[in-house]
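Visitor: Model the following, please.
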Amino acid sequence: MKFDEIQIRVRYGETDQMGVVYHGNYPLYLEMGRIEWLRKLGISYRKMEEEGIMLPVVALQVNYKKSIGYDDVITVKTILKNRPTAKIEFEYEITNEKGEILTTANTTLVFLSKKTNRPIKAPQYVMDSIYKN
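Guide: Sure thing, here's the model as predicted:
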């Protein structure tokens, strides 16, 4: 599975006084998409952490095209950009119910050993889950 989509209804507390999603909430939407993508592959973020593997974001870029407002239903599409190595890269599209692209983004995360605090190769079970087809 190289991509996944989730839907989110924007809550009032995620918006500013103008009823527009506050820019600091976009990374949370991206994280929700990424975590669900992993979960649907059978990969538990919690299990990785229990095994001593962290996955911090080391780069984030967000391009705001159109505003997202309170009570909007958005779709976050999470796309695996490249074959994971010691890093894993994603691209995202956030669309509204009309299918209009509201936001594009990308993130880079690094597989990191909790013990050494150094990058490591993507675990084999992650690679197997992504490329099992």
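Visitor: Could you list the low-pLDDT ranges of the protein?
Guide: Within the chain, the stretches with pLDDT under 70 are 1, 133.
Visitor: can you pull out the helices in it?
Guide: 26-40, 45-50, 124-130 (DSSP state H).
Visitor: Tell me, how many residues neighbour Lys50?
Guide: No Lys there; residue 50 is Glu. Glu50 is flanked by 10 other residues according to other Cβ atoms under 10 Å. Yep, even glycine has a C-beta here, placed from its N, CA and C like the rest.
Visitor: about what we covered before: quick one: which of the helices of the chain is nearest Arg9?
Guide: When those are compared by Cβ to Cβ, helix 26-40 sits nearest Arg9, at 11.5 Å.
Visitor: For that closest one, which residues meet the burial criterion?
Guide: Neighbour counts using 16 or more other Cβ atoms under 10 Å place Tyr26, Tyr29, Leu30, Gly33, Arg34, Ile35, Trp37, Leu38 of helix 26-40 among the buried residues.
Visitor: thinking again about what came up before, which one, of the helices of the chain, ends up nearest to Asn63?
Guide: Comparing those by Cβ to Cβ, helix 26-40 comes nearest, at 10.1 Å.
Visitor: Which strands or helices does the closest one pack on?
Guide: Using 3 or more Cβ pairs under 8 Å, 6 or more residues apart in numbering; DSSP states H and E as the contact criterion, the secondary-structure elements in contact with helix 26-40 are strand 3-9, helix 45-50, strand 57-64, strand 73-80, strand 87-95, strand 101-110.
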